[in-house]
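**Student:** this one's sequence-less:
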DNA sequence: AAATGTTAGATGTCTGACATCTTACAAATA
DNA sequence: TATTTGTAAGATGTCAGACATCTAACATTT
């Protein structure tokens, strides 16, 4: 990532203050002049920062009145909501809810993909499973995670549903970091390889119910792994 | 909605030109100076418009090089993607994909809600079913749609998953308009009442599989209704 | 041929000003 | 007194022009 511009810094800091509860939903944030003084930037820079938060429906700007914080359920940015949710006491709850969401999208996409996936993509899936196996044998963690994510990406695309892909994209970045954490354990890697193999075979059979079920089992395993390996080990 | 500011107008027009294919993904949009001349606004206004599109990941601004259009699957704004998808020849395909997405989220949320919903919310659900029935009897279309949407909202909240609610919010506005169209037919209204009744009863039994199945049947019916009543009647 | 300097064009930021909208409050009116 | 109107403060919307900094391409020097 390129280092952040002043606009990005101001937007980030303001979002942090909002998440910290300094400006609760419905309340107004300080005026542009006040913020430009506090952050030692020009009013224009503050305005552009506000615009980015407004575009994500985090703020509502009302001419002549001020700028107000929207309730969290109106925020259009999954990442911002994630930051807000992780800030609370229960990081675990956020992680679990994230997997629940992922489960909905991935099992649904997998079900759709069963009747739409091409033979070529089936081959690619098997290729990624082989790559995971190879990375597992040679202790190549980044390679393992990369093949894992690519596998799921193929299914997402094969579902031929634009909206699912769009909604999943912000999840992708978040999951990538967490996946690197969980995939450190060799046990988890072995679990994952088996499930991916089963998913590829289910899709190959073009059986929608079986494909959905295979992906669902994978998600359940991921949830269990997260609970037993990561959350247990990290006390508050 | 408040009438749009100049920034909003410029952003909209630029997005329209992007969607129309004038600036395909990967290509660059005209420079800030050129755009400010074409739209007869100042450069700052153009910049703020760009910022809103950048915040939605529609554009990537690179200092010293220019501003570039992102591929559609990286756009973070469901509404913008919807606009782009509806612009094409196949409005039908977009409508179907939208229901597919809705199906994933709602069936998933309903499954989760089964074990989490409160007795009070169960009562509220039955109340909305009654409201739908009453609106149906008195030919109150807006009332019918309102009760319908409220019913689904209760389940969304009862799933106790923040992220699902956030992802569903932009869908809500889009669906509201389409729902008013489809619910015009009395046959569809009767279908819907039966399904909602079944969903409420399934949730009351706290049976996750049954609840999911009931919601899934409702989504299937919605898809069928859309195909036979709306899409058939509206040729390109 | 490689390293270096130059330059054009793009975005990033600043300063200061004026316009317009909302709200609150005071003054004029019935 | 109650209502209306006028005024002013504070907020966002927009503009103009300037300078800084980054990138890429080209020319120059080594």
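**Tutor:** Great, that's in hand. Small disclaimer: the values here were computed from a predicted structure and weren't measured. Numbering: from 1, shown residues only, chains lettered A, B, ... in the order given.
**Student:** which strands or helices does the lengthiest helix in chain A pack on?
**Tutor:** Longest helix of chain A, by residue count under DSSP state H: helix A:91-114. For helix A:91-114, the elements it packs on are helix A:78-87, helix A:141-158, helix A:162-182, helix A:186-204, helix A:208-225, helix B:91-114, helix B:162-182, judged by 3 or more Cβ pairs under 8 Å, 6 or more residues apart in numbering or on different chains; DSSP states H and E. Any C-beta I mention is one placed from the backbone N, CA and C, and that applies to glycine too.
**Student:** tell me what angle the fourth one forms with helix A:162-182.
**Tutor:** Between helix A:186-204 and helix A:162-182, the angle comes out at 160 degrees (axes from the mean of the first three to the mean of the last three Cα atoms, to 10 degrees).
**Student:** now do the fifth one
**Tutor:** Here helix A:208-225 runs at an angle of 40 degrees relative to helix A:162-182 (the same axes, to 10 degrees).
**Student:** is helix A:208-225 anywhere near chain B?
**Tutor:** No. Contact of helix A:208-225 with chain B (Cβ under 8 Å from any Cβ of the partner chain) is absent, the minimum separation being 10.5 Å.
**Student:** buried sites along that helix?
**Tutor:** A:208, A:210-219, A:222-223, A:225 (16 or more other Cβ atoms under 10 Å in any protein chain shown).
**Student:** contacting residues around the residue nearest to residue A:176 when sequence neighbours are not counted?
**Tutor:** Spatial nearest neighbour of residue A:176, excluding adjacent residues (Cβ to Cβ, 6 or more residues apart in numbering or on different chains): residue A:149 at 6.4 Å. Going by Cβ atoms under 8 Å, 6 or more residues apart in numbering or on different chains, residue A:149 touches A:172, A:175, A:176, A:179.
**Student:** just the pLDDT at the residue most central in space within chain A, thanks.
**Tutor:** Closest to where the C-alpha atoms of chain A average out (Cα atoms, centre = their mean) is residue A:171, at 1.9 Å. With respect to pLDDT, residue A:171 has a value of 85.
**Student:** from the contacts of residue A:149, which is closest to DNA strand D?
**Tutor:** Checking the contacts of residue A:149 against DNA strand D with Cβ to the nearest atom of the strand, the nearest one is residue A:176 at 24.5 Å.
**Student:** need the winner for burial among the helices and strands packed on helix A:91-114.
**Tutor:** Highest mean neighbour count among the helices and strands packed on helix A:91-114 (mean count of other Cβ atoms under 10 Å in any protein chain shown): helix B:91-114, with a mean of 22.
**Student:** may I see the buried residues of the helix or strand following that one?
**Tutor:** Next along the chain after helix B:91-114, taking DSSP states H and E as the criterion, comes helix B:119-137. Neighbour-count burial for helix B:119-137 flags B:121, B:122, B:124, B:125, B:126, B:128, B:129, B:131, B:132, B:133, B:135, B:136 (criterion: 16+ other Cβ under 10 Å).
**Student:** mind listing what the last one touches?
**Tutor:** Think residue B:136. Applying Cβ under 8 Å, 6+ apart to residue B:136 gives the contacts B:144, B:186, B:189, B:190, B:193.
**Student:** thinking again about what came up before, mind putting the buried residues of helix A:208-225 in a markdown table, pLDDT and distance to DNA strand C included?
**Tutor:** A markdown table is the format used below for those (pLDDT from 0 to 100; distance: Cβ to the nearest atom of the strand, whole Å):
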| residue | pLDDT | distance to DNA strand C |
| --- | --- | --- |
| A:208 | 97 | 46 |
| A:210 | 97 | 49 |
| A:211 | 98 | 44 |
| A:212 | 97 | 44 |
| A:213 | 97 | 47 |
| A:214 | 98 | 45 |
| A:215 | 98 | 40 |
| A:216 | 97 | 43 |
| A:217 | 97 | 45 |
| A:218 | 97 | 41 |
| A:219 | 95 | 39 |
| A:222 | 91 | 38 |
| A:223 | 90 | 40 |
| A:225 | 86 | 41 |
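**Student:** returning to that earlier point: got the helices and strands packed on helix A:91-114 as CSV, with distance to residue B:14 columns?
**Tutor:** As requested, those are arranged in CSV below (distance: least, Cβ to Cβ, whole Å):
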stretch, distance to residue B:14
helix A:78-87, 24
helix A:141-158, 28
helix A:162-182, 20
helix A:186-204, 40
helix A:208-225, 39
helix B:91-114, 22
helix B:162-182, 20
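**Student:** what's the closest of the ones you listed to residue B:41?
**Tutor:** helix B:162-182 (28.0 Å; Cβ to Cβ).
**Student:** okay, the angle between that closest one and helix A:78-87?
**Tutor:** Relative orientation of helix B:162-182 and helix A:78-87, computed by the same axes, to 10 degrees: 140 degrees.
**Student:** which strands or helices does helix B:162-182 pack on?
**Tutor:** If you count contacts as 3+ Cβ pairs under 8 Å, 6+ apart, helix B:162-182 packs onto helix A:78-87, helix A:91-114, helix B:78-87, helix B:91-114, helix B:141-158.
**Student:** nearest to DNA strand D among the contacts of residue B:136?
**Tutor:** Set against DNA strand D, the nearest of the contacts of residue B:136 by Cβ to the nearest atom of the strand is residue B:144 (36.7 Å).
**Student:** what distance do you get for the residue nearest to the centre of chain A to residue B:194?
**Tutor:** According to Cβ to Cβ, to the nearest Å, residue A:171 stands 35 Å off from residue B:194.
**Student:** for residue A:92, same thing?
**Tutor:** For residue A:92, the distance to residue B:194 - Cβ to Cβ - is 40 Å.
**Student:** chain A against DNA strand D: which residues are in contact?
**Tutor:** Taking Cβ under 7 Å from any atom of the strand as the criterion, the neighbours of DNA strand D within chain A are A:29, A:31-34, A:43-44, A:47, A:61-67.
**Student:** tell me the SS of the residue located most distally from the centre of chain A?
**Tutor:** Computed with Cα atoms, centre = their mean, the maximum C-alpha offset from the centroid of chain A is found at residue A:64, amounting to 36.8 Å. Assigned with DSSP: H, G, I helix; E, B strand; the rest coil, residue A:64 falls in the coil class.
**Student:** repeat that for residue A:76.
**Tutor:** Applying three-state DSSP: residue A:76 is coil.
**Student:** show me the contacts for the residue nearest to it when sequence neighbours are not counted.
**Tutor:** In space, and not counting its chain neighbours, residue A:76 is closest to residue A:57: 4.2 Å by Cβ to Cβ, 6+ apart. Shown in contact with residue A:57 (Cβ under 8 Å, 6+ apart): A:70, A:74, A:75, A:76, A:77.
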